[in-house]
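Trainee: Here is my input; please provide its structure:
(2 chains)
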Protein chains: 2
Amino acid sequence: MTRPALDGIAAAQVPHSSKDTKVEFNVAEMSLQPSPPRPTDFQRSYSFSGQKDRPKSERRPTMVGDVEEKMIRPGQIRINLKGAYIVDDEGSGTPSASSEEGSAMEVETKDIRLPNHLGGVSHIAVDIGGSLAKLVYFSHEPHEELGGRLSFLKFETDRIDDCIDYMRTLQEQHQAVTGKKDDLCVMATGGGAFKFYDKIRQALDVEVQREDEMECLIIGLDFFITEIPNEVFTHSDDDPMQFVEPKADIYPYLLVNIGSGVSMVKVSGPRQYERVGGTSLGGGTLWGLLSLLTGARNFGEMLALAENGDNTAVDMLVGDIYGMNYGKIGLKSTHIASSFGKVYKMKREAEREAEDNGGLANGDEEHNDLLDGVLHRRESRSFKPEDVSRSLLYAVSNNIGQIAYLHAEKHNLERIYFGGSFIGGYAQTMNTLSYAIDFWSKGTKQAYFLRHEGYLGSVGAFLKRQPKNWGRRNSLEQMRPLYRSHSKD
Amino acid sequence: MTRPALDGIAAAQVPHSSKDTKVEFNVAEMSLQPSPPRPTDFQRSYSFSGQKDRPKSERRPTMVGDVEEKMIRPGQIRINLKGAYIVDDEGSGTPSASSEEGSAMEVETKDIRLPNHLGGVSHIAVDIGGSLAKLVYFSHEPHEELGGRLSFLKFETDRIDDCIDYMRTLQEQHQAVTGKKDDLCVMATGGGAFKFYDKIRQALDVEVQREDEMECLIIGLDFFITEIPNEVFTHSDDDPMQFVEPKADIYPYLLVNIGSGVSMVKVSGPRQYERVGGTSLGGGTLWGLLSLLTGARNFGEMLALAENGDNTAVDMLVGDIYGMNYGKIGLKSTHIASSFGKVYKMKREAEREAEDNGGLANGDEEHNDLLDGVLHRRESRSFKPEDVSRSLLYAVSNNIGQIAYLHAEKHNLERIYFGGSFIGGYAQTMNTLSYAIDFWSKGTKQAYFLRHEGYLGSVGAFLKRQPKNWGRRNSLEQMRPLYRSHSKD
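Mentor: Reported below is the predicted structural model:
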């Protein structure tokens, strides 16, 4: 018998020895070491670099000294984040500013402006997941010497060529300004960074720097939490978007990243993280099942259906099982006992009715035709795409909410950040997730959401950029987790 | 906005005050009180009774004295369980011994024989869930003075009338032997005990005694674990049915009961239990979605499909996201990253291809017809019912396994018993659940299964039978949880 495979990334990234599991890298410790003087107008600068190439057989913690050494090398990028804010009502700075119908590209209208950044940022970052590729890049404000903006857009992974074409357009623009082609650096993370590595490198004729997916997610999330006003918010019926001020004291927390699948990452400090779990019931499940069950052709259509649906037409509620008197024994009749629990029953009823009608037919074949016809009519009457969509949206969101709560409980985490493109800013989804956390934790844990929820990984990769040719890992064999260092040399 | 409803029974039975949550009733304490002498050949007898009627406003713990008082009343049933065993290869003792096609009734072929029980057991017990009604009753061996057997059968709840008809047949048989009609006692639990209370009472013209669902589940499970040889087993690839000897030291444990929905109950001692969680993604979800997505018309057909399916045709594996090089960075390519994660992508591809072909069509309408035709053909080619069934079976089972592990972890429980009709003895389901527990707990927790997994509640109700007219709760208003008593009077 074939082994049933579990939520895969969890399976792979939660090894049997907990010693192997922790991937920790404490940037706070860097301040103990000598560092280059910083310009005073740099309120906070992100300076990241990776580890040195090491012999394959050696498996030791990265020394703080190594990191410091890299920090003072020329070519290091410092992005001035002072005064960064989300550009809400202006048009996007993206070259092709409008999403074209059928182009499978979606341009976000919430650029982040960095008004104090001086100098070029010659790289773009892409996070290529199972369903979507998320792109982020920096561009100077036209006609301004100081400042620029981060732009965000996504493509279906299935149309990765469109994404690469877009990157080529950015590259050409970059060339037109600097006159140099190989100056552009492409950062890539997510599974597609490996799957499409050769393709991107060949298409753009530049080096592609691959980064660890989980690490990028938390670097990106830390950036949004600590730096960007009007980015992180809590959601409730009364106040669907209550913003939380950026702050420095953010650890520990749980990140729940919902893409095609779901990853849950415990974050204890800067770059101290551990993937503690996940589930294969994520966005891909919702989109996949709804594309089979409804006529909807994209996520927006599915969510629009869900908005107008009534899940009680397909879900079995406590009231459906217990009858009229549920309230008297303390059970809320409106609670879902079984998602899609009414469907089988209703199909059976339709079948029986069809069989009764079929008794009038003459031959077996005729009977079957009639049966199919009756069934088809009854089903399309009984199960509306709207109801099916809402039920499945609830089921997937509730389930993620409960598992997130249980992992947060196990690791004693009070703050739960939900990221990933599944959420898409939809109130229903956030409402369900928020309610689930509040319900299961009895109000002791808080769900947080982000306006750039889909771009944690790509922003993390963007911020992780370092000069090329630094002897970093160039092949998958040499890729290792970074360990937290306790060494003082 | 409508509040999304969570897994309902959990919502109702996990109140905000933990004080309200525990429904404890310690039968062990009964031994402190005087009790009637027991016949020496009764190795172990089950003697259960409920609480006295109390004024509505009063909400106090049940006194041990109350229980004892009831225990010595005449009419108390003692079932001699000495030497009980499962009748494996004989035909069922059920009057109508074979399941009829289309009757929606399923007779189990694993009766439990009670060779030493003397005297009549004049009651039948039924556990009516959202999808299935599970019936258990005792009948004397024909031509034997001593002994008899427990028989098990189930009906679709949707066809509750068939179930009631069957109960009437049993009633008539009982009457034929005893000459008394009202001697028969009907025990009922599950939501249907309330929903169909009047219906059953009227149809049989007897009192129907309703019992708490969770309490019956654990009484039934305790019975199976402690009394019945060859009942409880562990499952693995190498040894699909390794029986565990009956034993007395069984607490604490987690019961995961998978019916239409899923209940998870922490059991700390005899009748000391707490429903700690559950999920609405259960059997009803699998059956409901598969009845929409495949041509299967019953559970057996769906499971047969799943057995021949290949989930990797619809699930997105880690290998699909990371490309060829997954192994090199420590990710197993075969792990499921997103259940149904390939479906949306493949549908989009089919659409695009259809759009390209559609360019040749003349009018819009014609185009759409063509599009639909192409889509339909492609879909039916791309997504086989077998593959869809296997994927969904994995998804639901894995998910229950992970949530069960997390609750067991939270409450520090090592033994996890899986009950409920969802499992149905199917190796794939048990394999997935077993593997999930082993994987997530890193081998520290053990999954157990039962041959009568679907009958925990009905057996619990059967064993809980007490004489009628004892002033028990007769209406839902008066139904209250039983509290563990610390009183000595």
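
Trainee: Just the closest residue of the stretch 301-450 of chain A to chain B, please.
Mentor: A:His335 (2.3 Å; CB to the nearest CB). The C-beta positions use only the backbone N, C-alpha and C, and glycine is treated the same way.

Trainee: Extract the CA atoms of stretch A:388-407 and return them as PDB.
Mentor: What follows is stretch A:388-407, C-alpha atoms only, in PDB (Å, rounded to 0.1, in the frame of the first residue of the first chain):
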ATOM      1  CA  VAL A 388     -21.300  25.500  -2.300                       C
ATOM      2  CA  SER A 389     -18.700  28.300  -2.500                       C
ATOM      3  CA  ARG A 390     -19.600  29.800   0.900                       C
ATOM      4  CA  SER A 391     -19.600  26.400   2.500                       C
ATOM      5  CA  LEU A 392     -16.200  25.500   1.200                       C
ATOM      6  CA  LEU A 393     -14.800  28.900   2.100                       C
ATOM      7  CA  TYR A 394     -16.000  28.500   5.700                       C
ATOM      8  CA  ALA A 395     -14.700  24.900   5.900                       C
ATOM      9  CA  VAL A 396     -11.200  25.800   4.700                       C
ATOM     10  CA  SER A 397     -11.000  29.000   6.800                       C
ATOM     11  CA  ASN A 398     -12.400  27.400  10.000                       C
ATOM     12  CA  ASN A 399     -10.100  24.500   9.600                       C
ATOM     13  CA  ILE A 400      -7.000  26.700   9.200                       C
ATOM     14  CA  GLY A 401      -8.200  28.800  12.100                       C
ATOM     15  CA  GLN A 402      -8.500  25.800  14.400                       C
ATOM     16  CA  ILE A 403      -5.100  24.300  13.500                       C
ATOM     17  CA  ALA A 404      -3.400  27.700  13.800                       C
ATOM     18  CA  TYR A 405      -4.900  28.000  17.300                       C
ATOM     19  CA  LEU A 406      -3.800  24.600  18.300                       C
ATOM     20  CA  HIS A 407      -0.200  25.200  17.200                       C
END
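
Trainee: Would you map the strands across the stretch 351-489 of chain A?
Mentor: For the stretch 351-489 of chain A, the strands defined by DSSP state E, counting those that start in this stretch cover A:415-419, A:446-450.

Trainee: Reformat those as JSON lines; add mean neighbour count and distance to B:Leu255.
Mentor: As requested, the strands of the stretch 351-489 of chain A are arranged in JSON lines below (neighbours: other CB atoms under 10 Å in any protein chain shown; distance: least, CB to CB, whole Å):
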{"stretch": "strand A:415-419", "mean neighbour count": "24", "distance to B:Leu255": "28"}
{"stretch": "strand A:446-450", "mean neighbour count": "22", "distance to B:Leu255": "30"}
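
Trainee: With distance to chain B and mean pLDDT added, can I get these in CSV?
Mentor: Formatted as CSV, the strands of the stretch 351-489 of chain A follow (distance: least, CB to the nearest CB, whole Å; pLDDT from 0 to 100):
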stretch, distance to chain B, mean pLDDT
strand A:415-419, 15, 97
strand A:446-450, 13, 97
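
Trainee: Mind checking those for the one nearest to B:His235?
Mentor: strand A:415-419 (34.2 Å; CB to CB).

Trainee: show me what contacts the nearest residue to A:Leu433 once chain neighbours are set aside?
Mentor: Leaving out its chain neighbours, the residue that sits closest to A:Leu433 by CB to CB, 6 or more residues apart in numbering or on different chains is A:Gly401, at 4.9 Å. By CB atoms under 8 Å, 6 or more residues apart in numbering or on different chains, A:Gly401 lies in contact with A:Thr432, A:Leu433, A:Tyr435, A:Ala436, A:Ile437, A:Trp440, A:Ala447.

Trainee: mind redoing it with 10 Å?
Mentor: A:256, A:416, A:418, A:432-441, A:447, B:4, B:6 (CB atoms under 10 Å, 6 or more residues apart in numbering or on different chains).

Trainee: Return the entry from these with the maximum number of neighbours.
Mentor: A:Val256 (29 neighbours; other CB atoms under 10 Å in any protein chain shown).

Trainee: Now for the residue of the stretch 301-450 of chain A closest to chain B, how many residues are close by?
Mentor: A:His335: 22 neighbours (other CB under 10 Å).

Trainee: for A:Trp287, same thing?
Mentor: 27.

Trainee: Do I have it right that it meets B:Ser339?
Mentor: No. Using CB atoms under 10 Å, A:Trp287 is not in contact with B:Ser339; the gap is 11.2 Å.

Trainee: what sits in contact with each of these two?
Mentor: Joint contacts of A:Trp287 and B:Ser339 (CB under 10 Å, 6+ apart) are A:Ser260, A:Val396.

Trainee: Wasn't A:Arg149 part of a strand?
Mentor: Yes. A:Arg149 forms part of a strand when assessed by DSSP: H, G, I helix; E, B strand; the rest coil.

Trainee: Could you tell me the average pLDDT over stretch A:209-221, please?
Mentor: The average pLDDT within stretch A:209-221 is 91.

Trainee: what about it and chain B, any contact?
Mentor: Yes. Legend: contact between stretch A:209-221 and chain B by CB under 10 Å from any CB of the partner chain is shown at A:Arg210, A:Asp212, A:Glu213.

Trainee: roughly how far apart are A:Ile164 and A:Leu135?
Mentor: Distance, A:Ile164 to A:Leu135, using CB to CB, to the nearest Å: 10 Å.
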